Structure formats: C-alpha cells, structure tokens
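>>> Could you look at this predicted model? Sequence included:
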Amino acid sequence: MSTKPESGAATRAPGPALLVGLGAVVLLTCYIVAFLMSEDESVVAGLIVAAGVAVLGAYVLGLLQQLRAAYRDHERLMHAAILLGILVVAWVFREDHFTLLMLTTAMLYMTACLGLNIQLGYTGVLNFAGASFFGVGCYTAAVLGSETAIPPLLILPIGGVMAALVGSILVIPVLRTRGHYAAVVTIAFAVLFRTFLQVNDALGGPQGLSVPQMSLFGWGFNSNIEVGDFYASFYMNYYLLALLLLIGAFALTRRVERSWVGLSMDATRIDELAASCFGITPSRWKITAFMLGNFMIGVAGALLGMMISFIAPANFTFADSLIFLSIVLLGGMGSVWGIALASVIVVLLPEKLQMIQEYRFLLFSALVILVLLFRPNGLLPRGRRAYFPDWRPR
Amino acid sequence: MTALLDCKQMTRRFGGLVALDGLDLQVHGGDILGLIGPNGSGKTTFFNVLTGIYGYSGGTAAFDGQEITNLSPQAVYRAGIARTFQRSRLCLPLSIFDNVMIGNHKRLDQGLWNNIFARKRLRQEVESGFDEARELVRIFEPRLADQMFEPVANFPMIDRRRIEICRALISHPRLLLLDEPSAGMTHEETRELMDDILQVRERIGGLTIIIIEHEMGVIERVTDHCVVLNFGQKIAEGSYREVSSDRHVQEAYLGAE
C-alpha cells in the first residue's frame, strides 16, 4: 500500500504536537510498567489517582488537544510508537508469568470487543452473548486440538468461523425483532449456551475440557523461551501472537469504519428507514456486522482457550458477556482507542486491586452508570470518520 | 407524451381509515408539481407509498415507463426517485460529507472485500465523491462547503434542510420528492431555500420535483402545476391560480358555509 503523502498537510513539518504525542506514549509506557510492578495496594491506588490528576492537568494545559492533533496528523508514526511501547512492556516483564498472562488476556478481550464494536458501535446490533461466542471459539480449540491433527494456527480462524456459524442461527430472530427485543434474543441464547455446555457430556459437562497448547512449526507455546542466557516466560509466545491478532483486528475494524461499509453500517444504526430510502439494506449490514463480529470474538476465544489450557462452562456466563459489553460502553461505542483503554481498565484493575475483586461487578456497573451519565459517548469518544489518515482535502 | 410518473387509483388503507383513496396523479418530466391539502389529507402517505415505505392497498404506479408498484424503498431509490422527510432525518452525529454520501449509495462500491482491501480504488472513489459532494453543497451554501467534515448536529435547521436535499440530489435522481421543506423555518429562510432549489434545478437539467407545502407563497412561486388532496382524494388540479380559486379547495381549507 502506498504511503506517499500527496496532499500538503500530510507533509507538514513535525511540530510540537508530535512531541507531545510521542511524549505521551513514552509516559504511558512508563506508567503501565510502574503500575504493573507495584505490589502494594496503596501504591496502586495512588497511581490511579495520579493518572486522573495527570489527565486533568493535561486537559487544562491543552495538551490533550495536541495529542489528538498528533494522532490525526501522524497516525502511522504514532501507531509505530505505541507498538514499540507495547513491546517494551513485554520486554520488561519477560520473566513474569502472571503479568504476561494478564496483559495477553487484556489484548484478547480487546480483540473480542473490537468485534462487538462492529456489531454494536457501528451497526447497532446489541449482542448480549459475547461470552458465548468467545466460548464457541474456546471449545472449538479444545475439540479440534485434541481430536484432530489440524495445525493449531489454523484452528484459530476455524474457531472464528464456528462462532460466526453458531451465531447465524440467531440471525433471523435478531433481524425480526428490534431494539430491546433483539437484545432479549441474545440474552436467551447466552443462557441456553451455558446450559447446553453443562449438560453435554461430549464437551466435558460442568467439568469442562482441557485445551491443547498452541504450536507453530513444531514450537510448543507452553514451553519457556531459553536461548543461551536469555529467558522468557512461555506466556511471551501467547503475548506476541495475541498482539498480532490484535493488530489484525484493529486494522480490520479501522478499514471497515473508514469505508462505505462503515458509512452504511452507521446509517443502519442511526436511522433504518431513512437508510432504506437511499438504497441501503439494513438487514445486509446487520448480518455482515453480526457475522464479522462473532468471527473476531471466536478467534480471540480460541487463542485464550489455548493459553489458559482449561475451560469450563462457568467461564462463559451471561455476566462475562456483560463485561464485554461494559468495555464497549465504557470506552465509547465505535471508538477503537476507547475500547483499548477500557479493556486495560476492566482486566487489569481487579487483578491489581485484590480488595475490589469481589466487588468488581458492583464497581463496573457503577462505573458504566457514571460514564453513561456524564460522558455518554464513553471515556474516549469516537472521532469523526477520516477515510484516509493522510487525506486532507482542501 | 407519456408522463414521467403515472399513478393510477393509488389506495392505502390503515385499518378502517382510507388515507389514500384511488388517487390518479401524473407528473411530466421537468415539471414542479405542488401537492397541497389540509393536514391529514394523505400527502405524506402518498410519498410513503410511492417510495415503498408503505405497501399499496390498491392501484399502480409507473415511473418512466417502468412499473414501481410495491417495490421496496431500495428499489424505488435505484429507479431514480429520491426524497426528503417532513421531519429532517439526517444522521446527526455524522459529517456533512458522510450524510451526502449516504444518498450516493447506488453509485458506490459496497463490496466488503473491496472496501477493506482495495484501498487505492476506494481512495479514488472517496476523493471524486468528495469533490462532487462539495460542489453540490456549494450551490446551496458556500459556507457549508468549507465545513464538510463537521457533524450535521452542529448546524441550524436551514442548513440541515440543505444537506438533506443534497443527500437526495447527489445520486442524480430523475424525480425529487420534497416533503414540506419549509417546516421549522422562517419565511426568509424558506425563500432562500426555494431560491437554491430553483437554481439547482436549472443546473441539473431535467429534474422533476413534487413538493408538499403548506406555505402557499412557496407553492405559488415555484410550482407549474398543483394537485389538491382532501381525505385521500384529489379534489382539484391545475395551476395555483386555478386551484386557489376553486370552490372545493376553499371549502376543504375553510369549511363550507
């Protein structure tokens, strides 16, 4: 793909905004490292307060605006910086099993929520069965991994296809009903799915199944990386693969949004009747979004299953679907960066603050209500559609 | 000469209510037809049936010689009929450009694969689409042409109407249906908007318009021909001067003595 900047603004000399942008990425990387390193709960709480104060301060000083400008004008460079930051974090915690597991989980949640975002954020299809489709991916990985000789890498997309196929039985009821009623259909499915898993002995019943590990070209992902003096936790394998998946999901979501497809999906969400009068077929886009979203959720689920290596129906309850949805609502419907931020908050916070572990549902529901009250578009609201980041019509 | 739009005995019932009662209506290419009548006389219902939102309870419609009875809204749009709504139905969070391009749906490549992977082609489509959309918006209001990426929610009613009409015009329809374009605007704004519409019509040769309007000043000024509805039936037809002096029309509006 050509990246040659053609219009004037894209070649603009890197100004102070870019410095602010890169500085923010460096700062954020350091912050995440510090946050993950701190053991003491009071330190963690202090860091959270510090983050709030810093964001407020940056807002007052107008730095957030510059950050937005930096991202808008230098998207590729900022993406590269963020990617580097993610790799630095991985390097720092290369020997730490638990931290890598947490971070990988956050990335897989992010991938799944990007799928939900295509459904809810773009097309307005409310899916309360996110965890079920995640589970379809997990169980596909368990069954295919142990019963067949299909290469594990191929199992990931098959997990996605299975999730989309299972989802397709919901297509007709979801299209026939509207709004809350469509939501009820998916809730019913989520409950049915869990019950189905519990009574199905072939799938391990309530005890669940073990999932064979991921392996690539004969390299088993469940072995630690030791090359000479270098040592890294086996979770590093999963971390890197999950990062690749996330990049793919991110690029896919972005390209869907920044195209006529994204426009038709938005029109479907906002006003079906008006969209119909301009040739848009709402059902076509609802089906596309539902299938594509479930595919992404299923792929993420398959890899998560391989990583945690044991799955049971209790992992895929209605409550877990709510967690997925609350990530999308917290971050901001349609906002990819909002979802990234919210996944990190939702996955990391309870692990770091053990005292809230038991109350996390209470906390998240309170947080969602607060966000919907005071920032109805989410923590990082979706920006305007820029079809091409370096396109500056004048 | 055959008419561009030819509706015969068009009927629509809602339960016991007959909203459109055997309406015969012809529009010739290039004309501006005014559709008037008291509230509830079936004007908007006529638009909704014609554009496929409601099904026909009876009758037929032909557009440019092609049968369009009971087609879906999508098919009616593809045949070349575009409309605006009585209460503006733009996508408020989306930009002017996005809203106008929604109206261009039939000329844009909607394939999922091409949209995701053939980005170079998409870029050409976006760029040429942008130029075209901006030129169209510029005819209505040059100020708006410089703010193509602002969300529509930031603009006042008159600008929203302009954008809505641009959305309807971008796909080069043969027939434009305007449902009360003056609703929610001042006299001065309405006048301005009508000037714009007449100007656009001159530029886009062969555009035919049906306009529903309560402002008689507007009807008098812009229409070639008027049809008056009452209780879903046509009670008068002719030039504005003719229908406004018609006894049935005066009775419908003011009541019989």
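The structure has been received and is ready for your questions.

>>> chain center to stretch B:201-216: distance?
Mean C-alpha position of stretch B:201-216 versus that of the full chain (C-alpha atoms, centre = their mean, to the nearest Å) differs by 8 Å.

>>> Endpoint to endpoint, it covers what distance?
20 Å (C-alpha to C-alpha, to the nearest Å).

>>> anything in that stretch near chain A?
No - residues of stretch B:201-216 contacting chain A under C-beta under 8 Å from any C-beta of the partner chain: none, with a closest distance of 14.7 Å. C-beta coordinates here come from the backbone N, C-alpha and C atoms, glycine included.

>>> what's in contact with that stretch?
For stretch B:201-216, contacts defined as C-beta atoms under 8 Å, 6 or more residues apart in numbering or on different chains pick out B:4-5, B:27-36, B:43-44, B:47, B:86, B:139, B:169, B:172-182, B:187, B:190, B:197, B:200, B:218-219, B:222-223, B:240, B:244.

>>> Give me the mean pLDDT for it.
Mean pLDDT, stretch B:201-216: 87.

>>> Can you give me the buried ones in that stretch?
Residues of stretch B:201-216 classed as buried by neighbour count (16 or more other C-beta atoms under 10 Å in any protein chain shown): B:R201, B:L207, B:T208, B:I209, B:I210, B:I211, B:I212, B:E213, B:E215.

>>> would CSV of those with distance to A:V256 and secondary structure be doable?
Converted to CSV, the buried residues of stretch B:201-216 look like this (distance: C-beta to C-beta, whole Å; DSSP: H, G, I helix; E, B strand; the rest coil):
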residue, distance to A:V256, secondary structure
B:R201, 37, helix
B:L207, 35, coil
B:T208, 37, strand
B:I209, 37, strand
B:I210, 37, strand
B:I211, 38, strand
B:I212, 38, strand
B:E213, 41, coil
B:E215, 43, coil
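
>>> quick one: low-confidence parts of the stretch 101-250 of chain A?
For the stretch 101-250 of chain A, no stretch is flagged by pLDDT under 70.

>>> For it, which segments count as strands?
Here the stretch 101-250 of chain A has its strands, by DSSP state E, counting those that start in this stretch, at A:209-210, A:215-216, A:219-220, A:225-227, A:230-232.

>>> Could I get those in TSV, plus columns for mean neighbour count and distance to B:V227?
As requested, the strands of the stretch 101-250 of chain A are arranged in TSV below (neighbours: other C-beta atoms under 10 Å in any protein chain shown; distance: least, C-beta to C-beta, whole Å):
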stretch	mean neighbour count	distance to B:V227
strand A:209-210	18	71
strand A:215-216	14	72
strand A:219-220	12	77
strand A:225-227	10	80
strand A:230-232	13	79
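
>>> So what does B:G40 look like in phi/psi?
Dihedral pair for B:G40: phi 80, psi 10, per degrees, to the nearest 10.

>>> What is the burial count for it?
When counting by other C-beta atoms under 10 Å in any protein chain shown, one arrives at 14 neighbours for B:G40.

>>> So which bits of the helix or strand hosting B:Q199 are buried?
If you go by DSSP states H and E, B:Q199 is part of helix B:187-203. Residues of helix B:187-203 classed as buried by neighbour count (16+ other C-beta under 10 Å): B:E189, B:T190, B:R191, B:E192, B:L193, B:M194, B:D196, B:I197, B:V200, B:R201.

>>> show me what contacts the closest residue to the fourth one other than its chain neighbours?
Leaving aside its chain neighbours, B:E192 sits nearest to B:I158 (7.1 Å; criterion: C-beta to C-beta, 6 or more residues apart in numbering or on different chains). For B:I158, the contacting residues are B:M185, B:E189, B:E192, B:L193, by C-beta under 8 Å, 6+ apart.

>>> Apply 10 Å and report the result again.
B:140-141, B:181-182, B:184-186, B:188-190, B:192-193, B:196 (C-beta atoms under 10 Å, 6 or more residues apart in numbering or on different chains).

>>> which of those residues lies closest to B:K106?
B:F140 (21.7 Å; C-beta to C-beta).

>>> In what element of secondary structure is the residue lying closest to the closest one once chain neighbours are set aside found?
The shortest distance from B:F140 to any residue other than its chain neighbours is 4.2 Å, reached at B:R162 (C-beta to C-beta, 6+ apart). Counting by DSSP H and E, the element that carries B:R162 is helix B:157-169.

>>> for that helix, what is the average pLDDT?
Here the average pLDDT along helix B:157-169 is 93.

>>> Counting by contacts, list what the helix or strand hosting A:G46 packs against.
According to DSSP H and E, A:G46 maps onto helix A:41-60. Applying 3 or more C-beta pairs under 10 Å, 6 or more residues apart in numbering or on different chains; DSSP states H and E, we find helix A:41-60 packed against helix A:16-37, helix A:63-73, helix A:336-352.

>>> at 8 Å what do you get?
helix A:16-37, helix A:63-73 (3 or more C-beta pairs under 8 Å, 6 or more residues apart in numbering or on different chains; DSSP states H and E).

>>> quick one: that helix to helix A:336-352, angle?
160 degrees (axes from the mean of the first three to the mean of the last three C-alpha atoms, to 10 degrees).

>>> Next, count neighbours for the residue nearest to B:T69 when sequence neighbours are not counted.
Distance criterion C-beta to C-beta, 6+ apart; nearest residue to B:T69, sequence neighbours excluded, is B:T60 at 4.5 Å. B:T60 is flanked by 14 other residues according to other C-beta under 10 Å.

>>> ok, B:T60 to B:L50 distance?
11 Å (C-beta to C-beta, to the nearest Å).

>>> ok, now A:A319?
49 Å.

>>> the more surrounded of those two?
Ranked by neighbour count (other C-beta under 10 Å), A:A319 and B:L50 place B:L50 first, with 26 against 11.

>>> if I pick the more buried one, what's in contact with it?
Applying C-beta under 8 Å, 6+ apart, the residues near B:L50 are B:L5, B:C7, B:M10, B:A61, B:I68, B:V76, B:I81, B:L177.

>>> Sitting in strands, which of those do you find?
Among those, the ones falling in strands (DSSP state E) are B:L5, B:C7, B:M10, B:A61, B:I81, B:L177.

>>> can I assume the second one is in contact with B:Q26?
Yes - the pair B:C7 / B:Q26 is scored as a contact, 7.5 Å apart, by C-beta atoms under 8 Å.

>>> what's around the residue lying closest to A:W219 once chain neighbours are set aside, how many residues?
Distances taken as C-beta to C-beta, 6+ apart place A:N237 nearest to A:W219, at 7.8 Å, with adjacent residues excluded. Neighbour count for A:N237, taken as other C-beta under 10 Å: 24.

>>> correct me, but A:P157 touches A:M296?
No - with contacts counted by C-beta under 8 Å, A:P157 stays clear of A:M296, the gap being 10.6 Å.

>>> quick one: which of these two has more around it?
A:M296 (29 against 13).

>>> The more buried one: which element?
Going by DSSP H and E, A:M296 is in helix A:282-308.
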